[in-house]
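Undergrad: sharing a model prediction with you, sequence too.
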Amino acid sequence: MKRSTQFSFGKPYQSDQLDSLQALHAIGIPSVLRVSCWIILFALAVSVAGLWLPWVQTTSGSGQVTTLNPSDRVQSISALVTGRIAEWYVQDADFVRAGDPIIRIQDIDDQLVVRLQSQLDDAQRKIDAAQEAVTTAEIDYGRQRELLAEGLASQLAFEQARIKVQQLTVSLEEAKSEFNQAETALSRQGSQLVVAPRDGTIIHVEAGDTATIVSAGQPLATFMPADTERAVEITIDGRDIGLVYPGRQVRLQFEGWPAFQFSGRPDLAVGTFKGEVVFVEPSARLDGRFRVLVKPPESSEDCLQSAVVNGLPRMGECGWPPESFVRLGASVRGWVLLETVPLGFEIWRRLNSFPPINTASVGVSGAGD
């Protein structure tokens, strides 16, 4: 006897009819969906496990290459006296040594130096004459004092001799002052030859020829000293500045130098260079950020020579790129290395916009408890 199945619509199906319906048996989970589910589960497991990986907290900022010593920065060479340009000894891009002439300025009055020398000679003759008169008056004063003691001279003659010595002494001082003024004026005219203050390069020469009149203090050329000691200044957000202090390590990425920075894992970075914080500005700027100065590391024999690739340090542990690549004023970005925490904590901190932790303060509070 054939079995039958009663459905809700009241019409039965025979068993042989049910056996011929194979669609339900053919339905199954697609392999693509099964593989995708396994990939998602694996990625989720790896992500959860990765939350406990160590992560170096950093605070970053951008800035430029500068120098700690102000005399190493680009500077202007100015005219020391007023006059007209007589001769240029340099042009743009010239390298000069300390003391090399740069420009000679000539006074508008060609006979000024001659007259100043004449004034100086006159002042010297006045000094000689005044000195001789003072010496003679002192001798007379001494003689009048002896005669007064012996009763052979009057008190009036003695006082007149003393007053004459004082008057001639004043005249001598006036002659010396006049000599000093003439000597100063002549020495200033001797400063018409402007020389290089130290070794360096003339970056730019101001336009001017023999018809150009310059005044004292007017910039004449832009000068770049040689052998400068570079540094980096970056600005840090005020939220993190409390944890930045001298001695903190910094990783630097210079403009134009190929690099790959892995924030939180400085050991994996390529092309970044090591630095050390030397100064943190005590007051914020108008934008609320603080200026931080960074100096290059000191060269040592135990540099990572094994990490040198094509003659260049892989992580910049042995100094900074040469000046031909990184010049003064070049843009730079820096990451100040702070504390090492789990990656999950760092993600939670950044999502809540919390500042980095300070292990020193945590240790102190824990010890007090």
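TA: Everything's here; your move.
Undergrad: tally of neighbours for residue 350?
TA: Burial of residue 350 is recorded as 11 neighbouring residues (other C-beta atoms under 10 Å). C-betas here are computed from N, CA, C, even on glycine.
Undergrad: can you give the distance of the helix or strand it falls within from its chain's centre?
TA: For residue 350, the element it lies in under DSSP states H and E is helix 343-351. Taking C-alpha atoms, centre = their mean, to the nearest Å, one finds the center of helix 343-351 at 33 Å from the center of the full chain.
Undergrad: buried residues in that helix?
TA: Of the residues in helix 343-351, those buried under the neighbour-count criterion (16 or more other C-beta atoms under 10 Å) are 343, 346.
Undergrad: now tell me what touches it from outside.
TA: With C-beta atoms under 8 Å, 6 or more residues apart in numbering as the contact definition, helix 343-351 has outside contacts at 50, 51, 52, 53, 54, 55, 57, 264, 341, 355, 356, 357.
Undergrad: rerun at 6 Å
TA: Residues lying outside helix 343-351 but in contact with it, judged by C-beta atoms under 6 Å, 6 or more residues apart in numbering, are 51, 53, 55.
Undergrad: also stretch 51-69?
TA: Identification of contacts with stretch 51-69 by C-beta under 6 Å, 6+ apart yields 73, 228, 230-236, 240, 263-264, 326, 328-344, 346, 356.
Undergrad: got the contact list for stretch 237-248?
TA: Applying C-beta under 6 Å, 6+ apart, the set of residues contacting stretch 237-248 from outside is 59, 236, 277-278, 280, 284, 288, 290, 336, 338, 355-356, 358.
Undergrad: from those, which would you call buried?
TA: Using 16+ other C-beta under 10 Å as the burial test, the contacts of stretch 237-248 include 59, 236, 277, 280, 290, 336, 338, 355, 356 as buried.
Undergrad: is the fifth one in a bridge, and if so with what?
TA: Here residue 290 sits in beta bridges with residue 236, as judged by DSSP bridges.
Undergrad: any idea how far the residue most central in space within the chain lies from residue 228?
TA: When C-alpha atoms, centre = their mean is applied to the chain, the residue found nearest the centroid is residue 66 (3.0 Å). Note on residue 66: its distance to residue 228, by C-beta to C-beta, to the nearest Å, is 10 Å.
Undergrad: likewise residue 214?
TA: Applying C-beta to C-beta, the value for residue 214 to residue 228 is 28 Å.
Undergrad: many thanks, we can stop here.
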